[in-house]
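A.B. asks: Need a 3D model of the following:
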Amino acid sequence: MEAVELLRRKAMLESQIDQAEHRATLRNDLKVRQQQEERRGTFAPDQSLPRQATTMYAFAQRDAS
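C.D. replies: Residues are numbered from 1 along each chain as shown. Below is the predicted model:
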């Protein structure tokens, strides 16, 4: 009976270690994604937004005609 208890405790500890490693991996993945988002904003403008200069030029052209 004692051997079975030791195996259960070992299994529980391994499970806890696996869960802790999984949480650490998820935290690291989140950190990497956040850094990638920051870099995207730093190095290149958001292409989904219209460029203000282009829009202002279009308004000026429309007003001039």
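A.B. asks: What helices and strands are in contact with the longest helix anywhere in the chain?
C.D. replies: Of all segments of type helix in the chain, defined using DSSP state H, the longest is helix 2-43. Judged by 3 or more Cβ pairs under 8 Å, 6 or more residues apart in numbering; DSSP states H and E, helix 2-43 is in contact with no other helix or strand. Yep, even glycine has a C-beta here, placed from its N, CA and C like the rest.
A.B. asks: ok, residue 28 - how many residues close by?
C.D. replies: 10 (other Cβ atoms under 10 Å).
A.B. asks: any idea how far it is from residue 20?
C.D. replies: To residue 20, residue 28 is 13 Å away according to Cβ to Cβ, to the nearest Å.
A.B. asks: Next: residue 26.
C.D. replies: Counting by Cβ to Cβ - residue 26 and residue 20 are separated by 11 Å.
A.B. asks: again, but for residue 6
C.D. replies: Residue 6 is 21 Å from residue 20, by Cβ to Cβ.
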